[in-house]
Structure formats: C-alpha cells, structure tokens
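In: Could you work out the structure for the sequence below:
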Amino acid sequence: MNLEHVFVCGNPALDFAATLRARRTVGFEMFVSPERLDAWYVESGIVDAISPSQDSDVEQAIAVREALYRLITARRLGEAYDDEALATLNGAARRPAATPQLTPTGRWTVATPQAALSSVVRHAVELLSGPDAPLLKECGNPECTRIYIDRSRGMRRQWCGMESCGNKIKAAAYRARQKQARSAPRGGAA
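Out: Numbers count the residues shown, from 1 in each chain. Next up, the predicted model:
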C-alpha cells in the first residue's frame, strides 16, 4: 500500500487534526475527496477496511477535525474550551465506534465512515482528558501547525517529526550559516 498520509503526532486524533497542513499560510487540505478520507482511516490503523465515504462524510470529518483542532489548541494553551467545538466533538463521540473483530488471522476492523470518525474522536476524548494532555506541543517549524505529544526526555522535542520538519529546518539553518560564513570578511582586523 502506498501511504499518502503522515503519522508523527503520537495519537490518531492529533494526526487527524493535522490533516489541514500549514494552517497559518497555504492551508493544504488532505481530505480533498472521499477516497482520501477513507485512505486516512485505513492508513492510520483506525480501521482495516471501510465502506466508501461520500462527500457528506468528508464535510462532517472536516467539521469535526476543525472542532478537534480548536479543542486541542485550547488544551495546549490552557484556555477554556469552545462550547460549539465541544458539542461537535461530543456529538461525534456518541455515535457507535468501529468495533474490531477477532479472526483466525488476527484483529480485523470494518467500519462505516461515521464509525471510523467516532473512533478518532474517542481517541481525542481520552487524550484531552488523560495524562498525555500536558505533553501537547506545536511543531517548531513556523509553517507547520501539527500538534504532537512530546514524550522526549525533558520535553525538549522541537519538531513534529525529523523527516517532515526537523530536517528541513536544520538544513535551512545550515545553509544560512554557510552563506553567512561565505559573506563574512576574511582575515583578521588589527
């Protein structure tokens, strides 16, 4: 399977919230079609198979994602939750979730888009009300708006992921230092 999505945030709910990339600038939308939404559910491990989503499922997923992002941001900043965002999230959480089944070859989860979304939201409820909530951080890349769980020693992690942001920022800093070194006056001043 060719993975189309990135999962670096440490929780499916955070990765779901990160499907609108670069929120402060270009706002790159990952859920551009029902097929992309279905691919996210499967690639994330929320389900193994899903009945095909419709445009209305994408609209609902985006509405829930935006409510989730507002709640995650409020929790991270120690602010009060937005009532509308809470209602949206809790409405999705009340729906039946995807139910894994045991098969002779292991676990297998087939779901509807609504059940898959409910499963994502239930991860969010557990995250925002659990012990990992104080570990939420936003990526240090100014163009990235992913929020991740920082379980590093001393909570010193700066990037959502080295491959996605850390290497880009470090490479840019290296190039800037090299350029500065090349343009610095040579020789010693007396």
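
In: Listing request: residues of this structure with sub-threshold pLDDT.
Out: Applying pLDDT under 70 to the chain flags residues 1-3, 162-164, 166-178, 181, 184-190.

In: which stretches of it form helices?
Out: Counting by DSSP state H, the chain has these helices, from start to end: 12-17, 34-43, 55-77, 83-93, 113-128, 167-183.

In: Of these, flag the one that's most buried.
Out: helix 12-17 (a mean of 25; mean count of other Cβ atoms under 10 Å). Where you see a C-beta, it was placed from the backbone N, CA and C, and this is true even at glycine.

In: Show me what that one is in contact with.
Out: Residues outside helix 12-17 that contact it (Cβ atoms under 8 Å, 6 or more residues apart in numbering): 5-9, 40, 44-46, 65, 68-69, 72, 119-121, 123-124, 127, 136, 146-149.

In: Figure out which of the helices of the chain is closest to Thr99.
Out: Thr99 lies closest to helix 113-128 among the helices of the chain, at 7.6 Å (Cβ to Cβ).

In: Show me what that closest one is packed against.
Out: Using 3 or more Cβ pairs under 8 Å, 6 or more residues apart in numbering; DSSP states H and E as the contact test, the elements touching helix 113-128 are helix 12-17, helix 34-43, helix 55-77, helix 83-93.

In: 6 Å instead?
Out: Judged by 3 or more Cβ pairs under 6 Å, 6 or more residues apart in numbering; DSSP states H and E, helix 113-128 is in contact with helix 12-17, helix 55-77, helix 83-93.

In: can you tell which of these is closest to Thr109?
Out: Closest approach to Thr109 among the helices and strands packed on helix 113-128 is made by helix 12-17 (12.7 Å; Cβ to Cβ).

In: how far out from the middle of the chain is the closest one?
Out: Helix 12-17 has its C-alpha centroid displaced from the chain centroid by 4 Å (Cα atoms, centre = their mean, to the nearest Å).

In: and what of stretch 97-114?
Out: Centroid separation for stretch 97-114 versus its chain: 23 Å, with Cα atoms, centre = their mean.

In: repeat for stretch 116-135
Out: 12 Å.

In: ditto for stretch 47-56
Out: Remark: stretch 47-56 is offset 19 Å from the chain centroid, using Cα atoms, centre = their mean.

In: For that stretch, measure first residue to last.
Out: One end of stretch 47-56 to the other measures 19 Å (Cα to Cα, to the nearest Å).
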